[in-house]
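*Asks:* test case, fold it:
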Amino acid sequence: MAENDVLPEESQHGDNQPGEMGFWEHLEELRWRLIKAVIGVVIGGIIAAVFIDYIMNDFLLAPATKTTPPLELINLKPYGQLVLYFEVILVCGVILSIPNLFYQLWKFIEPGLLPGERRYISSIVIFSSICFLGGISFAYFVMLPTALKFFAEFGTTAITNNIAVDEYFSFVISVMLAAGIVFELPMISFFLSKIGILTPKFMRKYRKHAIIIILILAGILTPSPDVTSQLLLGVPLVILYEISIIISKLSQPKKSE
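*Replies:* Okay, here's the model as predicted:
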């Protein structure tokens, strides 16, 4: 009985074994992880606020101004630009703190993992961050210019494409975040394979089904209806799926005799 009384208290410290933490300990752990995640976002937002003019003019507005013909952005609300600046600072704070967000997520999951699985947390955090930022970069340098060029050239010259600036930023940020999430496929494959849920055999068996789902997903996520933009997302997704098969094969847990 004395041993059982000690377990909840021990679970509040360092390396606890799976299943030791009680309900309230989990809530306390979640609270602190959320606080640390928010602190990371705030720090990222402060950094973004310092460079906000560069982010707005040379980064987020560049795809519209460099499109031929250039898209004209207009503000329709008296407080529109103020709200827009705060939204951009918040989103940039989230993006800059992605490594910390992933770290806090995995540290919260850690008590439920086996000791052999815990040693992969640092690698998962690093490569998840790289995949996410890689997806954002792909969206910015490949998807957005193609989509905006399509929008600028589509339709009759009798209609001027004056786009509300808040709609434009909503479009840009949603595309970049969607691409970042989609590019997490290899890391999801790695984790599911490590815990034995996913196998390369399963992924090969349903490859054709996966490609169809990917093409449908590309059609939903791509901002423009033209086939070129859909292929720009669909082809990398298929490549990521093939990479995920290789990762799944390498990540299979070794079976004991």
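*Asks:* export the helix or strand containing residue 102 to PDB, keeping only CA atoms.
*Replies:* Secondary-structure element containing residue 102, defined by DSSP states H and E: helix 98-109. Output of helix 98-109 as PDB, limited to C-alpha atoms (Å, rounded to 0.1, in the frame of the first residue of the first chain):
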ATOM      1  CA  ILE A  98       6.900  25.300 -34.800                       C
ATOM      2  CA  PRO A  99      10.000  23.400 -33.400                       C
ATOM      3  CA  ASN A 100       8.900  24.300 -29.900                       C
ATOM      4  CA  LEU A 101       5.200  23.400 -30.600                       C
ATOM      5  CA  PHE A 102       6.300  20.000 -31.900                       C
ATOM      6  CA  TYR A 103       8.600  19.500 -28.900                       C
ATOM      7  CA  GLN A 104       5.900  20.300 -26.400                       C
ATOM      8  CA  LEU A 105       3.500  18.000 -28.200                       C
ATOM      9  CA  TRP A 106       5.900  15.100 -28.100                       C
ATOM     10  CA  LYS A 107       7.000  15.700 -24.500                       C
ATOM     11  CA  PHE A 108       3.300  15.500 -23.500                       C
ATOM     12  CA  ILE A 109       3.000  12.100 -25.400                       C
END
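*Asks:* can you start the count at 549 instead of 1 from here on
*Replies:* Sure, I'll start numbering at 549, so the last one becomes helix 646-657.
*Asks:* ok, residues contacting it?
*Replies:* 577-578, 581-582, 584-585, 588-589, 642, 669, 672-674, 676-677, 680-681 (CB atoms under 8 Å, 6 or more residues apart in numbering). C-betas here are computed from N, CA, C, even on glycine.
*Asks:* and if you look at stretch 586-597?
*Replies:* 603, 636-638, 640-645, 648-649, 652.
*Asks:* filter those down to the buried ones.
*Replies:* By neighbour count, with 16 or more other CB atoms under 10 Å, the contacts of stretch 586-597 hold 603, 636, 637, 640, 641, 642, 643, 644, 645, 648, 649, 652 as buried.
*Asks:* could these be laid out in a markdown table, adding distance to residue 622 and pLDDT?
*Replies:* Listed next are these as a markdown table, based on distance: CB to CB, whole Å; pLDDT from 0 to 100:
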| residue | distance to residue 622 | pLDDT |
| --- | --- | --- |
| 603 | 20 | 91 |
| 636 | 17 | 92 |
| 637 | 22 | 94 |
| 640 | 23 | 93 |
| 641 | 27 | 94 |
| 642 | 27 | 92 |
| 643 | 26 | 92 |
| 644 | 29 | 92 |
| 645 | 32 | 93 |
| 648 | 36 | 93 |
| 649 | 34 | 92 |
| 652 | 39 | 90 |
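*Asks:* what residues sit buried inside stretch 598-609?
*Replies:* So stretch 598-609, judged by 16+ other CB under 10 Å, has buried residues 600, 603, 604, 608, 609.
*Asks:* and the end-to-end length of it?
*Replies:* 17 Å (CA to CA, to the nearest Å).
*Asks:* who touches it?
*Replies:* 596, 621, 633, 636, 637, 640, 717, 720.
*Asks:* quick check: residue 629 vs residue 618, distance?
*Replies:* 19 Å (CB to CB, to the nearest Å).
*Asks:* show me which of the buried ones among the contacts of stretch 586-597 is closest to residue 797.
*Replies:* Nearest to residue 797 out of the buried ones among the contacts of stretch 586-597 is residue 649 (CB to CB; 28.7 Å).
*Asks:* got phi/psi on residue 620?
*Replies:* Residue 620 adopts backbone torsions of phi -100, psi 120, taken as degrees, to the nearest 10.
*Asks:* and the pLDDT at the closest residue in space to it that isn't next to it in sequence?
*Replies:* In this structure, residue 620 finds its nearest non-sequential neighbour in residue 710, 5.0 Å apart by CB to CB, 6 or more residues apart in numbering. Note on residue 710: pLDDT of 79.
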